[in-house]
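>>> Dropping the sequence and predicted coords here.
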Amino acid sequence: MRFFSFVLLFCFLTFSFCFSIQDLKKSLFLKSKNEPKWIQIRDGPIGLGSKNEQHQSEIISITKPEETEYIATCSRNGEINFYRVLMYPNIYPYWTHLYYGKLTLPHDTIIKDCLFSKDQTQLIVLQSTKEEENNFNTVTILDLFEIIDVNTRDEYFISNPKINDHLQDLGFQINHPRDNVNFIWSDKKNIENSQISYDNDKYQKELNNKGHIFNNEKSINKILSNDIQTKQHNSFMNNDELVKNKIRMSKDSNYLIIMEGTDHWIIDGSSGNKHRSLRDVKDSQFSTISNSFYTIGMDNSLYVYSKNDESKKSNWAQEKINLEHELKNKNFQQFLVVKKNICDQNNNDDDNADYYNNNNNDKNNNIKKKHKSELLFLYNISKGNNRETLIIIEIDSNFKIKKIQEINLTNVLKEIRNSDHYGDDNTKLRNELLIKSSPDGKYVAVTAVGSNVIQILNYNSNLKKYIIHEQIILKSNKKNNDNENNNKISTINFYQFQFYYLQIGTLNGNYLIHKNNKEESPECFPLARRISFYIKERPIQPKRTHLYKHGNRRSNYIIDGIWKHPLFLLSILMFLILLYFQPIITKLEYLLFAGILNKIGNVMNNLKKYINYLPIILSFLSIFEIVTQQPIFVNDWPAHMSHIEQFLKEKTFDYSKYMHHHGPNTYASGWQYLYSIFYFITNSGSLTLFQILFAIFEVIIMILIFRIISKKLKLPLIIAILAIASNRLHLYNVRVLVNDFPSALGLYIVFYLFLNQKWFWASIFYSFVVATKLNFIFYSPVIFLILLHSTGIIKTILLCFVMLIEQIVLAIPFLLANPIDYLKNAYDISRTLLWEKSRNFKFVGLEIFDDSRWHVLLLCLTLIILVIFLKKVNALLKKIPVGSINWKRLIIFSLMFSNFIFITFSRGLYTPFFVWYFYSFSTICYFSGIPNLFILIFWISHEVLFRWWDSHILEMWITFFYFLINIYILISTFSNDNSFINILEKNPGSLAKDTNHDKLDQKRSKNINKEKKDK
């Protein structure tokens, strides 16, 4: 009772302290009012595949779908690079996308523009090709590349990871072909004629998604071949006159505008029909709030074209917008349409609208009325004095306009055009202004083709207008020898997560990215709240709410915990009853089941010789499974192979260069060396050989567990069988290839060396294990005590020094290359796990789980219980002789239980972390003194519950029961009279024969001896 009273008092004081600290931080650390600066985070190709990534000519266009999962950069010579989003773009803001692959079009292709469909299932490319060889006349076509889910789980891929050999005919090459899911973009007819296999059902499903463009590619190409073939294409070869070629897409992705100089065509994506041809048009842009589009005519008037969706006719109604007096007689050249009130739009358009519950209907109605307007940025050149301005007007759904602001860009554009990199002959003729905005309209970038200066405008919410914000000047890339076009701008674009990112394409084929160094995307922007890209973004939380009660994983969240549910209190009551009546349950079990357990024990003893062959039998079954069946999910193994190939093939020790779509390399130097060895053993990372290697490791760890539990500790054989009988462990270790498994094997080697008193080699192995996976440092407090009492203070210090030196020696090459990134990635203790994927403490709800005070509380509880346990272990180690059976039991139990304390109070546990403790779970339960029936029930519960479930609600209850089981074991270990440490405290010389388990063992041994005498 004193212990529990102390814990409750500590919890109260910790909460009070954390609340006080939180308020103190708010008052001391005020946010800086300085405007954010833009920093360059990408200055060219880096990492694995960087040689293939570099464009060989000017980047014409940068396009992205709405979700920004993929980014495509299209160059004039027919190369299209694809960049795939990282799994955690907001956690690693300097690496939001990684080079994914390249699509190479025929050598005579000239790309003019490219555009992703809204849902990324289609890539539309406006291109021209030569009619005949050695003929400068070209034909413009609109080519369509559809997304294909390449079936990378087929036999040819598993046995040979060089999937790119099968993709050569399609012109697509994947940079990380080992990934479970690989998409390519290609013509459907090319796919059907190739040897590559793809998922037909998924392919059709993706093309039926809302947001794709064309169903009839042939009709589109026919229209453009007949209508857009002009003599102006000769200019691409002669550089006499360069024509603006662009593609625009409607809000619902059903219509396109094809722009060829001053001639524009409106295309219907569903039928492939040409709706209308527009002549003498300077620029066209679709509306962001409807399927209407605006144009600027040669008479400098602003027109809007609207289509009645209910009409079956293909014509568009034209309407001239009445401009205010001061906007008349302007010389508009081009314009940009920007969303207004994007937060209100998002709250109305996506799932976050449900966040406002029934009590806030008025607020929701106001939102629907507010967002029907947008901004037009009109670039104007005054005829008389050549004054250049950017005129910002607001236009509503009824096409009524209001002038908002006029920005003088004369001096700004003068700097842009007078930049060091501007004015060469091949770029003077293309005096094209580039104006782009961020997805939410907060930032607008202005530059010119051929310049190296970009002017950023920022919307100031206090002044309610756009202001000159920052000027970006691109520096020459020393790695590039093309001095003539070195980092001269050819195109720009924005994308947005928690930060804003400016993409820059250059005339020499470089793809650059700048980001603002201040996190200021609005909370209403969905991608800003998406911690993991492949998990639904979290809801905005202005108020406490009990929404999302169904807990569907794909769309909903639980903000509050399950505290108020009646079953929660009932579960705690049942937990306390079982804890209170545990001694009685133990006695009843012995009285009722002693005979059955005795017979089971006799059978196992008779079969002991055969059971020792169980690991070898399981290994053959495992290899048979590997050869005949292949997994469809291998977790992070493709990322590990990518990191190793970056280490070996790029020959770099710089941790900033180890990156995969799953994230950076977050493991220390020992992991790099260990997996490099595995890479060579498995013939450059063959999945089948990797699984066979891990199956061999599984046999070794099973043999070690049998020897430690059954022979060294002399525990019942069933405890050893339970330790290796987990199908889930086999799945994670051998099939999914979690990288924790080799470290777990190393840990059991350390256990075995400790039992044999090989202190030096145990220290060497343990230090290497920690160098592979940092979580195994949880064992270090107990290891220190074991060494201290077994070898003395001087030898313990020397062994600790040896372990430290080993860590430094292993890390020296990486520290010399880039110490900051090595320490930041390999030893990032600040990294937190996601509530959505956690197997522990999910029941507290998202709000508490993410609260730093909850983290502090769990950490303090962990340290308190660990100190209490270490105090008991320290006292027992002083009394028990080194090498005795009790000493062996004590050190193994202490090592396992100290790790279990950390597991119990870890805020987040992912599914692969099951390997961290489950091999030792049955041993921990045995030494805690709980009834045999409870050992079996708890073991089955962990085996079944510790996994991914399809409902957040279900997972909350499962993690709650999981936590109760662990707490029950902890409390029993400290309070149960039959627990191992309590028996040793009473009688250190005892072999712990007072526990119920050992009484059964004693009775079994008597029966065996009696049978031998009778024989």
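Structure's in. What do you need? Residues are numbered from 1 along each chain as shown.

>>> next structured bit after whichever strand or helix holds Gln405?
Applying DSSP states H and E as the criterion places Gln405 in strand 401-408. The helix or strand immediately downstream of strand 401-408 is helix 410-417, counting by DSSP H and E.

>>> which residues are in contact with that next one?
Applying Cβ atoms under 8 Å, 6 or more residues apart in numbering, the contact partners of helix 410-417 are 386-389, 422-423, 431, 433, 446-448, 451, 453-455, 468, 471. C-beta: built from backbone N, CA, C; applies to glycine.

>>> Please apply the same query to stretch 644-663.
By Cβ under 8 Å, 6+ apart, stretch 644-663 touches 46-48, 84-88, 91-92, 95, 98, 100, 176, 179, 636, 638-639, 642-643, 664-665, 672, 675-676, 679, 685, 813-814, 816-818, 821-822, 824-826.

>>> In helices, which of these fall?
Counted as lying in helices by DSSP state H, out of the contacts of stretch 644-663, are 638-639, 642-643, 672, 675-676, 679, 813-814, 816-817, 821-822, 824-826.

>>> out of those residues, which are buried?
Buried by 16 or more other Cβ atoms under 10 Å: 638-639, 642-643, 672, 675, 679, 814, 821-822, 824-826, out of those.

>>> Distance to His942 and pLDDT added to those residues, as a markdown table?
Conversion of these to a markdown table gives the following (distance: Cβ to Cβ, whole Å; pLDDT from 0 to 100):
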| residue | distance to His942 | pLDDT |
| --- | --- | --- |
| Pro638 | 28 | 88 |
| Ala639 | 27 | 89 |
| Ser642 | 32 | 89 |
| His643 | 31 | 91 |
| Gln672 | 32 | 94 |
| Tyr675 | 28 | 95 |
| Tyr679 | 33 | 94 |
| Phe814 | 37 | 93 |
| Asp821 | 37 | 89 |
| Tyr822 | 35 | 91 |
| Lys824 | 34 | 88 |
| Asn825 | 31 | 88 |
| Ala826 | 30 | 88 |
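
>>> farthest-separated two in the residues you listed?
The largest separation in those, counting by Cβ to Cβ, is between Tyr679 and Lys824 at 24.6 Å.

>>> what secondary structure does Leu785 sit in?
Put simply, Leu785 is helix when judged by DSSP: H, G, I helix; E, B strand; the rest coil.

>>> For it, give me its contacts.
Counted by Cβ under 8 Å, 6+ apart, Leu785 has contacts 870, 873-874, 877, 894.

>>> and the gap between it and Leu895?
10 Å (Cβ to Cβ, to the nearest Å).

>>> With Val856 instead?
Separation of Val856 from Leu895 (Cβ to Cβ): 26 Å.

>>> One more: Leu717?
As defined by Cβ to Cβ, Leu717 lies at a distance of 21 Å from Leu895.

>>> When these two are compared, which one has more neighbours?
Between Leu717 and Leu895, Leu895 has the larger neighbour count (other Cβ atoms under 10 Å), namely 22 against 18.

>>> That one contacts Phe751, correct?
Yes: using Cβ atoms under 8 Å, Leu895 makes contact with Phe751 at a distance of 6.7 Å.

>>> in stretch 703-721, what's buried?
Neighbour-count burial for stretch 703-721 flags 703-710, 712-713, 715-721 (criterion: 16+ other Cβ under 10 Å).

>>> same question, stretch 741-754
Within stretch 741-754, the residues scored as buried using 16+ other Cβ under 10 Å are 741-754.

>>> could the residues you listed be laid out in JSON lines, adding pLDDT?
Formatted as JSON lines, the buried residues of stretch 741-754 follow (pLDDT from 0 to 100):
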{"residue": "Phe741", "pLDDT": "93"}
{"residue": "Pro742", "pLDDT": "94"}
{"residue": "Ser743", "pLDDT": "94"}
{"residue": "Ala744", "pLDDT": "94"}
{"residue": "Leu745", "pLDDT": "94"}
{"residue": "Gly746", "pLDDT": "94"}
{"residue": "Leu747", "pLDDT": "95"}
{"residue": "Tyr748", "pLDDT": "95"}
{"residue": "Ile749", "pLDDT": "95"}
{"residue": "Val750", "pLDDT": "95"}
{"residue": "Phe751", "pLDDT": "95"}
{"residue": "Tyr752", "pLDDT": "94"}
{"residue": "Leu753", "pLDDT": "95"}
{"residue": "Phe754", "pLDDT": "94"}
